[in-house]
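S.K.: Kindly return the folded structure for what I paste below:
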Amino acid sequence: DNIWFGTSVGVQVFDGTNWVSYDIGNYPGMAADNIKVIRAMTNGDIWIGTDYGASRFDGVDWTTYNSTNGLNNNQVYSIDEDDSGNVWVGTHAGVSYYNGSNWNSYGYPDLHWSGVNATAFDETGDVWFASPLGGITHFNGVFTPYDTSNGLLSQNVTDLIIDNQDNKWIGTGSGMSVLNESNTSFTQHTRMYIMPPPDTLNPVVDIAMDSYGRIWAAIYVGYLAEGGIAYWDGNQWEDFHVSDGLVGPNVRGLAIDSEDNVWVATSTGVSKISSISTSTSPASISNVEVFPNPSSGVITVSFDENFKYIEVYNILGSLIHSEKTNSLNEVELNLSHLSSGIYHLVLTSEDLVLNQKIIIE
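M.R.: All right, here's what the predicted structure looks like:
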């Protein structure tokens, strides 16, 4: 992978050995040097967002779009791509989308007046928008807002992504809200990254998902000058601090490459977290057998430890099944009522907790 960085003095790309720089002095087709957002598209194009419009790099030339030729506002907050390759540019006035030939826009009053700082797309093709001060909005031909009045942690939304089970992960100034696949209820995560006591606030500044479906969150509290990275493995949050090797606490954003390495941008440099395996511990593998896995719903769990409880959690961390083992070493679970997706089987004894991923087809 080439790794592209947006900085205050232009764009830099690293191929693993060499660096190449792009700035408006040498490439006047760029909108500006102070890059607010940068995205690599599936066709290889690189898009940047600035306070003076958005620019596209096709590998040879830079082309700029602003309020004179497509955007509804020059101040760009976000750039995202849908499954058809359309480019959605979130701005201070709403969103403008580009199909390769033409631009169209949505804005106030359909969207919140504070603009759009993230756009995401669910499995049906519906579009979801995040607003800096106005919660989120669902668009399926009709605009439907979600805010604190119906369960969102905060109106201050910073990012939005949708996972493989169609759950909407919404980063806010007060933590992470997760709207379920049916858009009927929220699960709240307010303690993802451990702050120095007594503070517990976890403002999310960026979100990404790796190929395993794990959710990564960048967290930073400005008044504490404290921040870091946390990821949700489907059962719990694990975090990374400066003491773990991050170059600085002022985390600005994150990106994940094709090998699941996590690149963390901070005000003092960039850190790379090498791909983290999802395999369970040797104890988990040797002590627990699940058959069949994947399953259509009925699974048999066998184990050689004296486990007392067996629980099943969904990818949001919500408990959906629990029972005692009654001192047996084999338990049959009928999970056929569950939707297709990834779940976590947790077995608990007096001194051991084992976690096994299961897949319902």
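
S.K.: Tell me where the stretch 151-300 of the chain has helices.
M.R.: 282-287 (DSSP state H, counting those that start in this stretch).

S.K.: now the strands: where do they sit in it?
M.R.: Applying DSSP state E, counting those that start in this stretch to the stretch 151-300 of the chain gives strands spanning 157-162, 168-172, 175-179, 186-189, 204-209, 215-221, 226-232, 237-240, 251-256, 262-266, 269-273, 288-291, 298-303.

S.K.: Just the C-alphas of the fourth one, formatted as CSV.
M.R.: If I follow you right, that is strand 186-189. Provided in CSV are the C-alpha atoms of strand 186-189 (Å, rounded to 0.1, in the frame of the first residue of the first chain):
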residue,chain,number,x,y,z
PHE,A,186,-29.0,2.4,20.8
THR,A,187,-26.1,0.8,22.7
GLN,A,188,-23.8,3.2,24.5
HIS,A,189,-20.0,3.0,24.9
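
S.K.: Just name whatever secondary elements it is in contact with.
M.R.: With contacts taken as 3 or more CB pairs under 8 Å, 6 or more residues apart in numbering; DSSP states H and E, strand 186-189 sits against strand 175-179. Quick note: C-beta positions are derived from backbone N, CA and C, even for glycine.

S.K.: Quick one: the strands of the stretch 151-300 of the chain as JSON lines, columns for distance to residue 110 too.
M.R.: Conversion of the strands of the stretch 151-300 of the chain to JSON lines gives the following (distance: least, CB to CB, whole Å):
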{"stretch": "strand 157-162", "distance to residue 110": "17"}
{"stretch": "strand 168-172", "distance to residue 110": "19"}
{"stretch": "strand 175-179", "distance to residue 110": "20"}
{"stretch": "strand 186-189", "distance to residue 110": "23"}
{"stretch": "strand 204-209", "distance to residue 110": "24"}
{"stretch": "strand 215-221", "distance to residue 110": "28"}
{"stretch": "strand 226-232", "distance to residue 110": "32"}
{"stretch": "strand 237-240", "distance to residue 110": "35"}
{"stretch": "strand 251-256", "distance to residue 110": "28"}
{"stretch": "strand 262-266", "distance to residue 110": "32"}
{"stretch": "strand 269-273", "distance to residue 110": "37"}
{"stretch": "strand 288-291", "distance to residue 110": "47"}
{"stretch": "strand 298-303", "distance to residue 110": "46"}
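
S.K.: which of the ones you listed sits most buried?
M.R.: Highest mean neighbour count of the strands of the stretch 151-300 of the chain: strand 168-172, a mean of 26 (counted as mean count of other CB atoms under 10 Å).

S.K.: Next, the angle strand 157-162 makes with it.
M.R.: 170 degrees (axes from the mean of the first three to the mean of the last three CA atoms, to 10 degrees).

S.K.: What is strand 168-172 packed up against?
M.R.: Against strand 168-172 (3+ CB pairs under 8 Å, 6+ apart) you get strand 157-162, strand 175-179, strand 204-209.

S.K.: Give me the contact list for that strand.
M.R.: 120, 122, 128, 130, 136, 152-163, 176-179, 183, 203-207, 209, 215, 217 (CB atoms under 8 Å, 6 or more residues apart in numbering).

S.K.: now the angle between strand 175-179 and that strand, please.
M.R.: 160 degrees.

S.K.: what lines up beside strand 168-172 in the sheet?
M.R.: strand 157-162 (antiparallel), strand 175-179 (antiparallel) (DSSP bridges).

S.K.: low-scoring stretches of the stretch 201-350 of the chain, by residue?
M.R.: Counting by pLDDT under 70, the stretch 201-350 of the chain has low-confidence residues at 277-287, 305, 315-317, 350.

S.K.: Please repeat the previous calculation with a cut-off of 50.
M.R.: 279-286 (pLDDT under 50).

S.K.: For stretch 46-62, buried residues please.
M.R.: 46, 47, 48, 49, 50, 52, 53, 54, 55, 56, 57, 62 (16 or more other CB atoms under 10 Å).

S.K.: sorry, back to before: relative to residue 335, which of the strands of the stretch 151-300 of the chain is closest?
M.R.: strand 298-303 (6.6 Å; CB to CB).
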